[in-house]
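Novice: Okay, predicted coordinates and the sequence, questions at the end:
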Amino acid sequence: MNELDRWVEAACGELGLTSADVEAKTVLDVARDVAHQVLRPGAPVTAYLMGIAVGRGADPTEAAARISALARAWPARTEAQEEASAEAREGAS
């Protein structure tokens with residue numbers, strides 16, 4: 001068991017879930033797609049949104065596929081956008 005598995009198990013315990021309820025690899029794959037194709041801070045927000053959707057009955061695999069497809073189709077960011085994003089993060093610190 002690695003550190004992520006231990007964390008997921010502990011977090012599940014706090015939230016009254018079992019680790020069988022969690023598709024960590026799927027969530028990580030979607031987070032990667034969003035972070036790399038859209039915006040890094042979008043990854044945790046997207047994971048949260050997926051959790052809400054799944055909690056409301058969406059199929060986890062379908063939700064992940066739809067979000068990953070959306071992220072992969074997202075328009076490429078320009079260098080100016082990347083710089084503005086970096087400045088915004090620095091200003092928020």
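Specialist: Cool, the structure landed. Numbers count the residues shown, from 1 in each chain.
Novice: Quick one: distance of stretch 83-93 to the chain centre.
Specialist: 20 Å (Cα atoms, centre = their mean, to the nearest Å).
Novice: again with stretch 7-25
Specialist: Worked out by Cα atoms, centre = their mean, stretch 7-25 lies 16 Å from the chain centre.
Novice: Buried residues in it, which are they?
Specialist: Across stretch 7-25, burial judged by 16 or more other Cβ atoms under 10 Å covers 8, 22. All C-beta spots, glycine's among them, are computed from the backbone N, C-alpha and C.
Novice: Likewise for stretch 67-76?
Specialist: 67-68, 71.
Novice: give the contact list for residue 73.
Specialist: Not one residue lies near residue 73 by Cβ atoms under 8 Å, 6 or more residues apart in numbering.
Novice: Please report phi then psi for it.
Specialist: Reported as degrees, to the nearest 10, the phi and psi values for residue 73 are phi -90, psi -10.
Novice: ok, now how distant is it from residue 83?
Specialist: Residue 73 is 23 Å from residue 83, where distance means Cβ to Cβ, to the nearest Å.
Novice: same question, residue 33
Specialist: In terms of Cβ to Cβ, residue 33 sits 22 Å off from residue 83.
Novice: all helices for the protein, in order.
Specialist: Here the chain has its helices, by DSSP state H, at 3-15, 24-37, 42-55, 60-73, 79-92.
Novice: Let's have the buried residues of stretch 67-76 in a markdown table, adding pLDDT and distance to residue 45.
Specialist: A markdown table is the format used below for the buried residues of stretch 67-76 (pLDDT from 0 to 100; distance: Cβ to Cβ, whole Å):
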| residue | pLDDT | distance to residue 45 |
| --- | --- | --- |
| 67 | 96 | 11 |
| 68 | 95 | 15 |
| 71 | 94 | 12 |
